[in-house]
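*Asks:* generate coordinates for the sequence data below:
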Amino acid sequence: MCHDRCVGATITNVVAFDDTIVFADGTTAESFAAALTNRKVVDTFRRGKMFALILDGKGTHPVMHFGMTGNLAVKGDAPFVYADFKPDATFPPRFCKFIMTLSTGTELAFSDPRRLARIRLAQTPLETSPLFSGLGFDALVALPEREAFTAALRARCPAAAAAATKARASSTRPIKALLLDQAFCAGIGNWVADEVLYAARIHPAEPAALLSDDDVARLHAAIMNVVSTACAVDADAQKFPRDWLFHYRWGKGRKPGTVKNEDGEAVMPDGNVIVFDTCAGRTSAIVPAVQILKYGSAATLGEPGRKRKKAAGKATKRRQKSSDDDEDDDDDSKDGNEGVPTSKKRPQRQKRAVKRKREEDDDIDSDNVSDEDFEGEGSEGAKDEEDAVEENVKVEKAAVRPRRALSKRGSRVVAEPQEDADVNKEEVAATSPPTTRPRRMARARSSVLSRGSAADD
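*Replies:* Alright, predicted model coming up:
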C-alpha cells in the first residue's frame, strides 16, 4: 500500500505528535517532521516487520515498525480489518503519531493505541543499518532453499549436542521460540508461527534441535505456503483457507462464532480440539491430535523458565524462613522468654504474645477482687448482676456497631454514640461485676462510659 500510494510523490507537509516512546533512538516528533518535509519518495524497503520510505537527496529516511497495534490509515479509505484489534475509523484516528500529506493529495496517518510501535530515522544504505543488519532472512522474499534452511536451523540449534541430551530435552530451545526470533527468520509473528507449526504437524514446545529432517522439510514447506498465501490476498483474513487455525484461535476460543463441541471446547472443522497454552512467552494455539509432543516436556509450557525458577526460589526462601521461625520459637521457650517477639518481621507472633499478656493481666485483676465486690449470692442479687451486665453489653454494641460499619466502608469518620445510650458512670461501676475480658473490651467500655458522661455534662 505504501509503495503504490507514496512512490513518486513529494511529501508536502508532516504533522507529528510528541511521543517519547514511539519515536525512538533519538528521533523526536520535530526531527521526524523536518526530515520528511519537501522530499520525494523514490522507493520503499522492507525486511521482516520493519519497513521504510526511501527519500531523495541527502538525509535520513523514516523506518517504522507497527508493533502489535500499529496501523497506517489513508484518508477516505476504509480502515484495515484486524483479527485482534479494531482501528479507529475516523481520520485522523485516535492515538495518531503523525499525519503525512503528499503532493497527490493523499493523506496518511500512523497510529498506535498501545504504543508498542517504533518510528526512527536511519541513514542509507538501509541494508547495513543496525535496524536491519541484525535481522535474519525475510520469510516472504528471501526464504532459503530447504537444504540451506536446514543448515541455518542446525547452526542455531546443533543437533549433535541435543542428541545426547534427549533425557533433558525440556532445557533445549522450543521450535516456536526459534521461529519468533527475528534474528533467525524475520517477519514471523505469533499467529503465523502457530499456523506454520499446525500445518507442519509440529508441537510448538518441541525442541528445535531434535527435529528430524522430515520435520524440518515440513516446516520449510509450511512457512512458504502460509506466508505466501496470506500476502497473496493482502492479508485479508476472509480469503484465508477455512481449514486454517487462524479462524478459530482468537480470544482463546471464546469469541462469538467460534466452533465448539458439546463440552464447550474450541474445535477445528474436523472436530479436533484446540488447547491454549503459553510457549516461548506467547499464547499458543495447539491441536494435540496432530501436534504430538515427542521429545519436549510440558515444563516448557506455561510460565517462562525464569519466572518458574524465580517462583521456586521464593517458595524455598519462605520454607527456610518458616523453619527459622520455628527454631526461634523453640529457643524462646527454652530461655523462658516464650511469647516475646525476637524480630519485627514476625507480627503474628507479636500479636499472639500481646494477647496472652493481656489475658494474664486480666486473670490477675480478677483474682484480686474480693467477695465483697459482689451483691449477694441469692437469686435477687444474681438477677441485678445479670441486668447490669446485659445493660452494659447493649451500650457497648450500640456504640461499637456504627463504628464498625463505617470502617468497612473505608471511612475514617468515627460515629458518635447514640442519644439513648446515656449511662451514669458511677452506677454502672457499682453494679458491674468484674470481668475477665481482654483489655481492649475494657478500653472500649471505658470510652463509651466517658463519652456518655460528657453528654450528660
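*Asks:* who touches the longest strand seen in the chain?
*Replies:* Scanning the chain for the strand with the most residues, using DSSP state E, yields strand 39-47. Here strand 39-47 makes contact (CB atoms under 8 Å, 6 or more residues apart in numbering) with 2-3, 6-11, 51-57, 59, 102, 126, 132, 135, 138, 186-187. From N, CA and C alone the C-beta is placed, and that goes for glycine too.
*Asks:* from these, list the buried ones, please.
*Replies:* Among these, those buried by neighbour count (16 or more other CB atoms under 10 Å) are 2, 6, 9-11, 51-55, 102, 126, 132, 135, 138, 186-187.
*Asks:* what is the burial count for residue 134?
*Replies:* Per other CB atoms under 10 Å, the neighbour tally for residue 134 reads 10.
*Asks:* please disregard the earlier target; I meant residue 49.
*Replies:* 17.
*Asks:* also residue 249?
*Replies:* 27.
*Asks:* which SS class is the closest residue to it other than its chain neighbours?
*Replies:* Closest residue to residue 249 apart from its sequence neighbours, by CB to CB, 6 or more residues apart in numbering: residue 285 at 3.9 Å. Using DSSP: H, G, I helix; E, B strand; the rest coil, the structure places residue 285 in strand.
*Asks:* quick revisit: I'd like the average pLDDT over the longest strand of the chain.
*Replies:* Averaging pLDDT along strand 39-47 gives 95.
*Asks:* just the buried positions in it, please.
*Replies:* Of all the residues in strand 39-47, those buried under the rule 16+ other CB under 10 Å are 39-41, 44-47.
*Asks:* now do stretch 112-128
*Replies:* Quick answer for stretch 112-128 (16+ other CB under 10 Å): 112-113, 117-122, 126.
*Asks:* just flag the most distant two among the residues you listed.
*Replies:* Farthest pair in the buried residues of stretch 112-128 (CB to CB) is 113 and 126. Separation: 27.6 Å.
*Asks:* so how far does stretch 237-245 reach from one end to the other?
*Replies:* Distance between the two ends of stretch 237-245: 11 Å, counting by CA to CA, to the nearest Å.
*Asks:* return the helix or strand in the protein with minimum mean pLDDT.
*Replies:* Least confident helix or strand, the chain: helix 379-408 with a mean of 47, by mean pLDDT, DSSP states H and E.
*Asks:* which residues does residue 64 bridge with?
*Replies:* residue 51, residue 119 (DSSP bridges).
*Asks:* low pLDDT regions in the stretch 151-300 of the chain?
*Replies:* Along the stretch 151-300 of the chain, the model assigns pLDDT under 70 to residues 159-171, 255-258, 296-300.
*Asks:* one more time with 90
*Replies:* Scanning the stretch 151-300 of the chain for pLDDT under 90 picks out 156-173, 234-238, 248-266, 269, 280-281, 294-300.
*Asks:* quick one: the helices in it?
*Replies:* For the stretch 151-300 of the chain, the helices defined by DSSP state H, counting those that start in this stretch cover 159-163, 175-180, 190-200, 213-232, 246-249.
*Asks:* quick one, which of the ones you listed gets closest to residue 206.
*Replies:* That would be helix 175-180 among those, by CB to CB, at 5.1 Å.
*Asks:* which residues does that closest one contact?
*Replies:* 153, 156-157, 184-185, 188-190, 193-194, 196-197, 202-208, 211, 219, 279-282, 284.
*Asks:* swap the cut-off to 10 Å and go again
*Replies:* 139, 152-153, 156-157, 174, 184-185, 188-190, 192-194, 196-197, 200, 202-211, 215-216, 219, 223, 279-282, 284, 286, 296, 300, 304 (CB atoms under 10 Å, 6 or more residues apart in numbering).
*Asks:* residue ranges with poor pLDDT in the stretch 1-150 of the chain?
*Replies:* In the predicted model of the stretch 1-150 of the chain, residues 1-5, 58, 67-71, 76-90, 124-130, 133 satisfy pLDDT under 90.
*Asks:* that one: strands as residue ranges?
*Replies:* Remark: strands assigned in the stretch 1-150 of the chain by DSSP state E, counting those that start in this stretch are 10-16, 39-47, 50-55, 61-65, 71-74, 96-102, 107-111, 118-122, 137-138.
*Asks:* neighbouring strands of the last one in the sheet, and parallel or not?
*Replies:* I take that to be strand 137-138. strand 185-186 (parallel).
*Asks:* same thing with the first one?
*Replies:* Using DSSP bridges, the strands paired with strand 10-16 are strand 39-47 (antiparallel), strand 96-102 (antiparallel).
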